[in-house]
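[1] sequence plus predicted model, see below.
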Amino acid sequence: MCTTLSPRSPRLARLPDLTKVRRLWARPGSPSSLLGSLFGEFPGEESTIGGNGGRRKIGEAGGDRTKREWWYSTFHNVTTMVGAGMLGLPYAMAELGWGPGVAVLVLSWTISLYTLWQMVEMHEMGPGKRFDRYHELAQHAFGEKLGLYIVVPQQLIVEVGVNIVYMVTGGKSLQLFHDTVCWSCKKIKTTFFIMIFASVHYLLSHLPNFNSIAGISLAAAIMSLSYYTIAWTASLHKGVQPYVQYGYGAKSTAGTVFNFFGALCSVAFAYGEHHVAMEIQATIPSTPEKPSKGQMWRGVVVAYIVVALCYFPVALIGYWIFGNSVEDNILISLGKPAWLIALANMFVVVHVIGSYQISARPVFDMIETVLVKKWHFKPTRTLRFITRNIYVAFTMFIAFTFPFFGDLLSFFVGFAFASSTYSLPCIMWLAIKKPRRFGLSWWTNWICIVIGVLLMVLAPIGGLRQIIIRAKTYQFYP
């Protein structure tokens, strides 16, 4: 299903007000009608995706969508893609070794950029058609019902899961900031810092859409580049540590293999932001003369350059300086100067605030649409206020109840991240574009699909082992 934008459409000719009219994704009574309603616009209100959910004729003025340029996609992509968890890239390099580590870094960057290019190209298929959400493109490729069943569960797993991880990361970074600047103060439980971090989202979550959080996303992108720069420059200043070793740290072959799997997936998932790519592109205006894919692709390229400037120096310099003794957060390995480490942790907090908001937007859209279309609630601001606060409270509760949620995420999200980033775009490209069999495009896509499937298998294995190993040390409400 997609947005049909031709001004000659007889259906459009009968619509008196395009900005407040819903087009149902599935007919009443259809088995897919519930899933089909998940990502529509919020009736009577501005959608969480773009100015009006992208549902506007090509070239039609109005809404914030006409003002968006390529740099909006740049900082939205940077904020979504760059994760504070990637401060553990040196640790992943220690588990992979120099050769495999560098190869995985480069391959992940290259393949994910290629699959994101495919999604940018497929956003507009044919005259007057835009797929403003991931599931719309999947419906076009696989059929109305199957496309929904394939994409929507994966998006929910990824978006809700990473929101919970952002809660944990934000709270723990606040705690590290507090403990660094006030080392003699009484220790405060992580639970309370997570609650403090969540309080910000009780306010920001009521901003209506992607366009309204552009400033937050820009600040988050700048902060991400800042704390990664702090990490690798401070490491470089510290110098190579005495007796540094670059061999595998595990004492058994099985430990080395499982650690390798875990690190492989950590690096591979560093570029997983495809689950909101279509929604980001939906905020960019499009005309027949100047389609949105040009602006979006320009922003994506700049974003990937920024991401490379974050990831590669941290991973390579951090491993070179500390070897296999590096901590899973390089800021902990640095330790000093205290003021710089505190500043970096505060930058992390600002960044994950923006990341949480971007990942939460499609979920807000889903919840509000289901309540209005399926349960017939009135589309009021009161409904939005209640539903979004409940969602923030839910992610906060899971975060401080299971602060080790990152290990669980590596087990469950492995399925969704690998598919939505590496496999699914290529499968849809083959289904829609139908490249020549055994040609370059055909082989390239099948190689990416195989890599994605392998990651879907290896990620849960590494995550499950981490859960088993750390189970004895897990603490609830620490």
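    Structure received.

[2] which strands or helices does the helix or strand harbouring W320 pack on?
    Assigned by DSSP states H and E, W320 belongs to helix 292-322. Judged by 3 or more CB pairs under 8 Å, 6 or more residues apart in numbering; DSSP states H and E, helix 292-322 is in contact with helix 70-81, helix 89-96, helix 98-122, helix 214-238, helix 277-281, helix 330-334. All C-beta atoms are positioned from the backbone trio N, CA, C, and that covers glycine.

[3] who's in contact with the second one?
    Applying CB atoms under 8 Å, 6 or more residues apart in numbering, the contact partners of helix 89-96 are 101, 104-105, 246, 248-249, 259-260, 262-264, 266-267, 270, 311, 314-319, 322-324, 326-330, 333.

[4] please apply the same query to the fifth one.
    Contact with helix 277-281 is made by 49-50, 72-73, 76-77, 80, 116, 119-120, 123, 131-134, 136-137, 210, 292-293, 296, 361-362, as judged by CB under 8 Å, 6+ apart.

[5] state the number of residues packed around I432.
    15 (other CB atoms under 10 Å).

[6] again but with V301, I slipped
    By other CB under 10 Å, the residues close to V301 number 16.

[7] just want the most central residue of this protein.
    With distances taken as CA atoms, centre = their mean, E273 lies nearest the centre of the chain, 3.9 Å away.

[8] that residue and M81 touch, don't they?
    Yes: here E273 lies in contact with M81, judged by CB atoms under 8 Å, at a distance of 4.1 Å.

[9] could you tell me the least trusted of the helices and strands packed on helix 292-322?
    Lowest mean pLDDT of those: helix 70-81, a mean of 78.

[10] that one vs helix 98-122, what angle?
    Taking axes from the mean of the first three to the mean of the last three CA atoms, to 10 degrees, one finds helix 70-81 and helix 98-122 inclined to each other by 130 degrees.

[11] wait, what's in contact with the residue nearest to R436 when sequence neighbours are not counted?
    Nearest residue to R436, sequence neighbours excluded (CB to CB, 6 or more residues apart in numbering): W442, at 6.4 Å. Contacts of W442 were listed using CB under 8 Å, 6+ apart, and they are L430, P435, R436.

[12] distance-wise, check the closest residue in space to V104 that isn't next to it in sequence relative to Y166.
    Using CB to CB, 6+ apart and skipping residues adjacent in sequence, the residue nearest V104 is V267, 4.8 Å away. Applying CB to CB, to the nearest Å, one obtains 20 Å for the distance of V267 from Y166.

[13] so which bits of the helix or strand where I390 lies are buried?
    For I390, the host element (DSSP H and E) is helix 381-401. For helix 381-401, the neighbour count (16 or more other CB atoms under 10 Å) marks L383, R384, T387, R388, Y391, V392, T395, M396, I398, A399, F400 as buried.

[14] summarise which helices and strands that helix is packed against.
    helix 144-181, helix 190-204, helix 338-373.

[15] mind putting those into JSON lines with mean neighbour count, distance to C448 and mean pLDDT?
    Converted to JSON lines, the helices and strands packed on helix 381-401 look like this (neighbours: other CB atoms under 10 Å; distance: least, CB to CB, whole Å; pLDDT from 0 to 100):
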{"stretch": "helix 144-181", "mean neighbour count": "22", "distance to C448": "17", "mean pLDDT": "87"}
{"stretch": "helix 190-204", "mean neighbour count": "18", "distance to C448": "35", "mean pLDDT": "92"}
{"stretch": "helix 338-373", "mean neighbour count": "22", "distance to C448": "24", "mean pLDDT": "88"}
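
[16] in CSV: those helices, plus distance to F417.
    As requested, the helices and strands packed on helix 381-401 are arranged in CSV below (distance: least, CB to CB, whole Å):
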stretch, distance to F417
helix 144-181, 6
helix 190-204, 23
helix 338-373, 13
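
[17] of all these, which lies closest to M456?
    helix 144-181 (10.8 Å; CB to CB).

[18] just the angle between the closest one and helix 338-373, please?
    150 degrees.

[19] what helices or strands is helix 144-181 leaning on?
    So helix 144-181, by 3+ CB pairs under 8 Å, 6+ apart, packs with helix 33-36, helix 134-142, helix 190-204, helix 338-373, helix 381-401, helix 405-418, helix 424-433.

[20] packing partners for the third one?
    In other words, helix 190-204. helix 144-181, helix 338-373, helix 381-401.

[21] next one: the fourth one
    With contacts defined as 3+ CB pairs under 8 Å, 6+ apart, the packing partners of helix 338-373 are helix 70-81, helix 144-181, helix 190-204, helix 214-238, helix 330-334, helix 381-401.

[22] closest to V300 out of these?
    With CB to CB as the measure, helix 70-81 is the member of these nearest V300 (5.9 Å).

[23] got the angle for the closest one vs helix 292-322?
    Going by the same axes, to 10 degrees, helix 70-81 is angled at 40 degrees with respect to helix 292-322.

[24] quick one, helix 70-81 and helix 214-238 angle?
    Using the same axes, to 10 degrees: helix 70-81 against helix 214-238 is 60 degrees.

[25] can you name every helix or strand that helix 70-81 contacts?
    Checking 3+ CB pairs under 8 Å, 6+ apart, helix 70-81 ends up next to helix 214-238, helix 277-281, helix 292-322, helix 338-373.

[26] show residues contacting stretch 340-350.
    Contacts of stretch 340-350 (CB under 8 Å, 6+ apart): 84, 87, 169-170, 173-174, 176-177, 180-181, 197, 219-220, 223-224, 226-227, 230-231, 234, 331, 334-335.

[27] redo that, cut-off 6 Å
    84, 170, 173-174, 176-177, 180-181, 223, 226-227, 230, 331 (CB atoms under 6 Å, 6 or more residues apart in numbering).

[28] biggest separation within those, which pair?
    That would be A84 and V181, which, of the contacts of stretch 340-350, are the farthest apart (CB to CB) at 18.6 Å.

[29] which positions in the helix or strand hosting I467 come out as buried?
    Assigned by DSSP H and E, I467 belongs to helix 440-470. For helix 440-470, burial by neighbour count (16+ other CB under 10 Å) applies to 442, 445, 448-449, 451-452, 454-456, 458-466.

[30] could you look up the SS state of Y248?
    coil (DSSP: H, G, I helix; E, B strand; the rest coil).

[31] counting neighbours, what do you get for it?
    The local packing of Y248 (other CB under 10 Å) involves 17 other residues.

[32] where's it relative to F322, distance?
    15 Å.

[33] repeat for Q118
    Noted for Q118: a distance of 37 Å to F322, by CB to CB.

[34] higher neighbour count, those two?
    Higher neighbour count among Q118 and F322: F322, with 24 against 20, using other CB under 10 Å.
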